[in-house]
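> Sequence plus predicted model, see below.
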Amino acid sequence: MKHIDSRLVGSASAFAADIGALVRASARLKLAFAAQNLGGKMKFDRESDPLPVNYKFGASWEIRGTWLGALDVNFPRDNKPFVGLGSEYNFGSDEWAFSGRLGYNTRTAGDVSGGGFAMGGGVGFRSSRLDYAFIPFGAIGAVHMISLSTGF
């Protein structure tokens with residue numbers, strides 16, 4: 001579940017949900033599906049716009065122990081399909097985990113300075129994680145994403 005708030009011209013907000021499934025196809029291969037931004041509409045004054053729903057199929061491959069490679073294919077309702085490639089390296093102990101990540105996205109590859117590249121990292125303690133990502137968007141600025149997650 002999430003709350004989306006926009007303040008570009010006027011303001012609007014909406015609630016939405018993301019759902020997904022993850023399957024371990026083999027010891028080194030995982031396959032996934034996700035549906036993002038399922039929910040209401042953003043209402044600006046008298047007009048409302050549907051949320052940008054995205055259907056995503058992905059896979060990760062364990063290259064070596066704590067080094068992963070990933071691929072996802074996105075099918076956004078309001079745009080052309082695009083591909084994301086990424087790599088993550090993890091290290092740590094039984095209780096603590098640290099991650100470094102690099103990625104490339106074909107959606108922004110030719111549109112903005114930064115060429116579709118992104119980077120980030122994270123720290124985990126037991127079943128909880130704090131992650132950060134930096135994504136450049138040229139003249140628009142940069143997106144800083146922070147997430148906190150826990151497992152049950």
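Here it is on my side, so go on.

> list the contacts for the residue nearest to residue 83 when sequence neighbours are not counted?
Nearest residue to residue 83, sequence neighbours excluded (CB to CB, 6 or more residues apart in numbering): residue 106, at 4.8 Å. Yep, even glycine has a C-beta here, placed from its N, CA and C like the rest. For residue 106, the contacting residues are 82, 83, 84, 116, by CB atoms under 8 Å, 6 or more residues apart in numbering.

> Show me which of the residues you listed are buried.
Neighbour-count burial (16 or more other CB atoms under 10 Å) is assigned, among the contacts of residue 106, to 82, 84, 116.

> So what's the residue count around the residue nearest to the last one when sequence neighbours are not counted?
Setting aside the residues directly before and after it, residue 116 is nearest to residue 109 in space (CB to CB, 6+ apart), at 3.5 Å. For residue 109, the number of neighbouring residues by other CB atoms under 10 Å comes to 14.

> The closest residue to residue 128 other than its chain neighbours: neighbour count?
Among residues not flanking residue 128 along the chain, residue 150 sits closest, at 4.4 Å (CB to CB, 6+ apart). For residue 150, the neighbour count with other CB under 10 Å is 10.

> pretty sure residue 150 is touching residue 130, no?
No - assessed by CB atoms under 8 Å, residue 150 is found out of contact with residue 130, at 10.2 Å.

> For the strand ranked longest in the chain, which strands pair with it and how are they oriented?
Longest strand of the chain, by residue count under DSSP state E: strand 12-24. When pairing is defined by DSSP bridges, strand 12-24 lines up against strand 2-6 (antiparallel), strand 29-39 (antiparallel).

> how far does stretch 64-72 sit from the chain's center?
With CA atoms, centre = their mean, to the nearest Å as the basis, stretch 64-72 stands 15 Å off its chain's centre.

> ok, residues contacting that stretch?
Outside stretch 64-72, the residues touching it (CB under 8 Å, 6+ apart) are 32, 56-63, 83-91.

> Can you give me the buried ones in it?
68, 70, 72.

> so where's the chain shaky on pLDDT?
111-114 (pLDDT under 70).

> now the helices: where do they sit in it?
Applying DSSP state H to the chain gives no helices.

> on that earlier part again, adding distance to residue 123, write the strands paired with strand 12-24 out as a markdown table.
Listed next are the strands paired with strand 12-24 as a markdown table, based on distance: least, CB to CB, whole Å:
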| stretch | distance to residue 123 |
| --- | --- |
| strand 2-6 | 22 |
| strand 29-39 | 22 |
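
> Sweet, I'm off.
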